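Undergrad: Give the three-dimensional model of this entry:
(chains A and B)
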2 protein chains.
Amino acid sequence: MISKKMNPLVQNNSVIRVMFEEGKRLAAIYGAENVYDFSLGNPNVPAPQEVEDSILETLKEEDSTFIHGYMSNSGYEDVRETIAQDLNRRFGTKFGQGNILMTVGAASGLNIILKTILDLEDEVMTFAPYFVEYGNYVRNYDGRLVVVSPNTVDFQPNLEEFAEKITARTKAVIINTPNNPTGVIYSDETLTRLADILRVKSAEFGTEIVLISDEPYRELAYDGAVVPYVTKYYANTVVCYSYSKSLSLPGERIGYLVIPDELTDSKEVFTAATIANRVIGCVNAPSLIQRVIKRCIEKGAAVNLSAYDKNRNLLYNSLKEFGFECIKPEGAFYLFVKAPIADDKAFCAQAQKHNLLLVPGSSFACPGYVRIAYCVSYEQIERSLPAFEAVAKEYGLKK
Amino acid sequence: MISKKMNPLVQNNSVIRVMFEEGKRLAAIYGAENVYDFSLGNPNVPAPQEVEDSILETLKEEDSTFIHGYMSNSGYEDVRETIAQDLNRRFGTKFGQGNILMTVGAASGLNIILKTILDLEDEVMTFAPYFVEYGNYVRNYDGRLVVVSPNTVDFQPNLEEFAEKITARTKAVIINTPNNPTGVIYSDETLTRLADILRVKSAEFGTEIVLISDEPYRELAYDGAVVPYVTKYYANTVVCYSYSKSLSLPGERIGYLVIPDELTDSKEVFTAATIANRVIGCVNAPSLIQRVIKRCIEKGAAVNLSAYDKNRNLLYNSLKEFGFECIKPEGAFYLFVKAPIADDKAFCAQAQKHNLLLVPGSSFACPGYVRIAYCVSYEQIERSLPAFEAVAKEYGLKK
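TA: Numbers count the residues shown, from 1 in each chain, chains lettered A, B, ... in the order given. Below you'll find the predicted structure:
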């Protein structure tokens, strides 16, 4: 009954999502406290109090048919203007509401911009390790994902290989910073060089290449690390943002696209993206939560970052002590750890025997590593440490 | 910059949505009270009190990370079970949570099922007049929309032409009852005959044909009219539902798919649809509103239907009195009126001179008619009557 295109997707259902279901199954058997599920980027830190306050205020102060009704497919103008001004204040940009398109999360934002620009067999590049859904999103619009192999020294993108792989069919590049799964923030130097390469190559081929910056982790940066704003490096940039992590609202599906004036055919792209939002069936971003976002920005709401930071330090320091190899993440809420054996899937299977649910790096096109999502309770990390230590001993990492 | 596929969409941006923007523009000039915008199906009846109550209770009684977090891509199990049991109680069906997939409204539900089943150049049939987005949804997955011409006698589907147009490539049929734009409810006799034709033709061609029932207006039926439940007529049925109208929540983007056990490869289709929900970028239906839907069902919440009924009677009776030709709608909140001239667009342009915003029937593949959405205030209808009467006189309808 199902289509040829869906068939491989059903056969290779998302490892992460399958693990999420597996975690629920194990928890039912062993008790939730004895299963150490590090598989999903589902924030454990609650939404800031301002979210609930803003919901209550919206219900009290705004009209029901307005709160729950249709608005322009691109979102409420006042919400978009508030977001634009907030970005301008923080990053020195010059956006207005006409540059902001409210979306059903960043995943939908990515689909919208890809639908807007991709023709059959256009190439979209990304850097391993990368969020596997990018391949599915690109194939939704009959594009081809071209993957640049990982630089496992510091997990900044491999720009030499990138420059070599750009062709006349390259229509877009997706970057993700702070990065899932590595936690690395792309540096000022990286973005400067990447933008230079794009300018040189698009001039060489006479093409327009769109840099799509997928930024759900923008606000999750530790030790005062700066996350450069990508539109300032390259004119043809589109930003995909989500409040999933910054306000702990992943289930609410709320985010936005930034389509700057500097982008070629900016107004037409904005119109087309608004139409794409409609025809892919989203129609608009959920309305009440749009209203809430405006109030949260005005209140300066932010998730409690110190909880993640505390997790990061405990887990990183412990794993290093147990003999694991791993760079210290500057952002997001993932640790990307070198597996002690080449076969990361076999390593994950072994870890699972200790009720540790980890995601193999091969799910991010970077075999030999595993992703550990530390957006869990501090207590879960504490309880899991003996299991990690036991695994380390099994592989002879711990002296 | 934009793709070849998006180009025609940008050139022919939705007439209805353009009119929505036009309505806002005219309101700014003439004042909202002097513009009679009947263009958009944006409910004016507020959400029932149970919606606000349920939001407040959810925030008070459930945990923030649960309310706003990820759940299974198909939605919260308890919400889905509540919906299934409610359908069983009302329609004598036998659904469980495994048959219900929560979606970002019915529009997204349609996209999900079409992505799940359509192969390149598969044909999807529908009956004129129809919601124009169906064509866009089908083209998203490289299918071809095949339109059966309208039966303007009673606007039940033209089943003779339907039977003739089914081919070996027919993969799905979309019906919409109560119907947008006519307000007609497909009768028991219609559904019986339609199901018979599908069984005969799929046996003849050795194919599986999915009947997709798009039902955002199910609960909007007047004078006690019965809206038959389509899964009872034909095994390969998928229902797309939305709470946009029944709870006045169109901006919230909340609905569900019903994938019955009787559907061929039901479990696989459900899995594939769940994956489709993820990869088209929705990931899941908005979480807080899912929780709210459960409570609203338990409370028996329903929109104030009598307000629409009052509008329906005033507008229908007045237009008949002015000499317009129109069948009395049994459901939804639209009147589908015969234009006094063949050119419905010219008629709409003339009506707009009186600040009446109507949608030409050609936008629904049924030229010669216009759609009037009466989900507006009773006062707007009262105020608009002199304008309708003036238009009727211009065309010599009113003696």
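Undergrad: Okay, residue A:8 and residue B:376: tell me how far apart.
TA: Noted for residue A:8: a distance of 48 Å to residue B:376, by Cβ to Cβ, to the nearest Å. (Glycine included, C-beta is placed from N, CA and C.)
Undergrad: Which one of these two is surrounded by more residues?
TA: Using other Cβ atoms under 10 Å in any protein chain shown, the more surrounded residue of residue A:8 and residue B:376 is residue B:376, with 23 against 10.
Undergrad: where does residue A:146 fall, phi/psi-wise?
TA: Dihedral pair for residue A:146: phi -110, psi 120, per degrees, to the nearest 10.
Undergrad: pLDDT score for it?
TA: On pLDDT, residue A:146 comes in at 98.
Undergrad: for the spatially closest residue to residue A:333 that is not a sequence neighbour, helix, strand, or coil?
TA: Distances taken as Cβ to Cβ, 6 or more residues apart in numbering or on different chains place residue A:375 nearest to residue A:333, at 4.2 Å, with adjacent residues excluded. Following DSSP: H, G, I helix; E, B strand; the rest coil, we place residue A:375 in the coil state.
Undergrad: need the contact list for residue A:375.
TA: Residues near residue A:375 by Cβ atoms under 8 Å, 6 or more residues apart in numbering or on different chains: A:41, A:42, A:43, A:44, A:45, A:245, A:308, A:311, A:333.
Undergrad: for residue A:329, same thing?
TA: Counting by Cβ under 8 Å, 6+ apart, residue A:329 touches A:178, A:182, A:183, A:184, A:222, A:312, A:316, A:335, A:336.
Undergrad: I'd like the domain boundaries of chain A, if you could list them.
TA: According to automatic domain parsing, chain A comprises the domains A:6-48+A:304-394, A:49-299.
Undergrad: Quote the end-to-end distance of the longest one.
TA: Taking Cα to Cα, to the nearest Å, domain A:49-299 runs 10 Å from one end to the other.
Undergrad: where in the stretch 251-399 of chain A is pLDDT low?
TA: Where the stretch 251-399 of chain A drops to pLDDT under 70, the residues are A:399.
Undergrad: Quick check: residues of it near chain B?
TA: Taking Cβ under 8 Å from any Cβ of the partner chain as the contact definition, the stretch 251-399 of chain A meets chain B at A:251-253, A:263-265, A:268-269, A:271-272, A:275-276, A:278-290.
Undergrad: Can you select the buried ones among the residues you listed for me in PyMOL?
TA: Remark: buried members of those, expressed as a PyMOL selection using 16 or more other Cβ atoms under 10 Å in any protein chain shown:
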select buried, chain A and resi 251+252+253+263+268+269+271+272+275+276+278+279+280+281+282+283+284+285+286+287+288+289+290
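Undergrad: Quick one: mark the members of the residues of the stretch 251-399 of chain A next to chain B that sit in helices.
TA: Among those, the members falling in helices are A:268, A:269, A:271, A:272, A:275, A:276, A:278, A:279, A:287, A:288, A:289, A:290 (criterion: DSSP state H).
Undergrad: Please name the residues that touch the fifth one.
TA: Which is residue A:275. Counting by Cβ under 8 Å, 6+ apart, residue A:275 makes contact with A:73, B:6, B:9, B:10, B:13, B:14.
Undergrad: Neighbour-wise, which one of these leads?
TA: That'd be residue B:6 among these, by other Cβ under 10 Å, with 24 neighbours.
Undergrad: Distance of it relative to chain A?
TA: 5 Å (Cβ to the nearest Cβ, to the nearest Å).
Undergrad: wait, doesn't that residue sit right on residue A:269?
TA: No - Residue B:6 sits out of contact with residue A:269 when judged by Cβ atoms under 8 Å, with a separation of 9.4 Å.
Undergrad: on that earlier part again, among the domains of chain A, which comes closest to residue B:165?
TA: Nearest of those to residue B:165, taken as Cβ to Cβ: domain A:49-299 at 24.4 Å.
Undergrad: Now do the closest one: distance to the chain's middle.
TA: 10 Å (Cα atoms, centre = their mean, to the nearest Å).
Undergrad: And for stretch A:322-329?
TA: Centre-to-centre, stretch A:322-329 and its host chain are 22 Å apart (Cα atoms, centre = their mean).
Undergrad: Tell me the buried residues in that stretch?
TA: Buried residues in stretch A:322-329, counted by 16+ other Cβ under 10 Å: A:322, A:324, A:326, A:327, A:329.
Undergrad: give the contact list for residue A:53.
TA: Counted by Cβ under 8 Å, 6+ apart, residue A:53 has contacts A:295, A:299.
Undergrad: for it, phi and psi?
TA: For residue A:53, the backbone dihedrals (degrees, to the nearest 10) come out as phi -60, psi -40.
Undergrad: how about the strands in chain A?
TA: A:36-37, A:100-103, A:123-127, A:144-148, A:170-176, A:210-214, A:237-242, A:255-258, A:325-326, A:334-338, A:356-357, A:359-360, A:369-373 (DSSP state E).
Undergrad: and residue B:23, which of these is closest to it?
TA: Proximity to residue B:23 (Cβ to Cβ) singles out strand A:100-103 among the strands of chain A, at 20.4 Å.
Undergrad: List every C-alpha atom in the closest one, with coordinates, as PDB.
TA: In PDB, the C-alpha atoms belonging to strand A:100-103 read as follows (Å, rounded to 0.1, in the frame of the first residue of the first chain):
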ATOM      1  CA  ILE A 100      10.500  36.700   9.800                       C
ATOM      2  CA  LEU A 101       8.300  33.800   8.900                       C
ATOM      3  CA  MET A 102       6.800  31.800  11.800                       C
ATOM      4  CA  THR A 103       7.100  28.000  11.400                       C
END
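Undergrad: mind listing what it pairs with, with the direction of each?
TA: Taking DSSP bridges as the criterion, strand A:100-103 sits next to strand A:255-258 (antiparallel) in its sheet.
Undergrad: ok, residues contacting the strand it pairs with?
TA: If you take Cβ under 8 Å, 6+ apart as the criterion, strand A:255-258 is touched by A:75, A:80, A:83, A:87, A:95, A:99-106, A:108-109, A:112-113, A:216, A:231, A:238-244, A:273, A:285.
Undergrad: Write out the residues of the stretch 101-250 of chain A neighbouring chain B.
TA: A:104-105, A:107-112, A:115-119, A:133, A:136-137, A:140-141, A:208, A:210, A:248-250.
Undergrad: how about a cut-off of 7 Å?
TA: Residues of the stretch 101-250 of chain A lying close to chain B by Cβ under 7 Å from any Cβ of the partner chain are A:104-105, A:107-108, A:110-111, A:115-119, A:133, A:136-137, A:140, A:208, A:248-250.
Undergrad: Out of those residues, which sit inside helices?
TA: Among those, the residues falling in helices (DSSP H) are A:105, A:107, A:108, A:110, A:111, A:115, A:116, A:117, A:133, A:136, A:137, A:140.
Undergrad: now the third one, nearest residue through space, not along the chain?
TA: Spatial nearest neighbour of residue A:108, excluding adjacent residues (Cβ to Cβ, 6+ apart): residue B:281 at 3.8 Å.
Undergrad: Could you pull up the residues touching the one you found?
TA: A:104, A:107, A:108, A:110, A:111, A:137 (Cβ atoms under 7 Å, 6 or more residues apart in numbering or on different chains).
Undergrad: Can you get me a residue count around the second one?
TA: Okay, so that is residue A:107. Residue A:107: 26 surrounding residues under other Cβ under 10 Å.
Undergrad: Is it correct that it is in contact with residue B:284?
TA: No - judged on Cβ atoms under 7 Å, residue A:107 makes no contact with residue B:284 at a distance of 10.1 Å.
Undergrad: what residues are up against the closest residue to residue A:307 other than its chain neighbours?
TA: Nearest residue to residue A:307 in three dimensions, chain neighbours excluded: residue A:45, at 4.9 Å (Cβ to Cβ, 6+ apart). When contacts are counted by Cβ under 7 Å, 6+ apart, residue A:45 touches A:248, A:303, A:304, A:307, A:308.
Undergrad: From residue A:43, how far off is the residue nearest to residue A:333?
TA: With distances taken as Cβ to Cβ, residue A:375 is found 5 Å from residue A:43.
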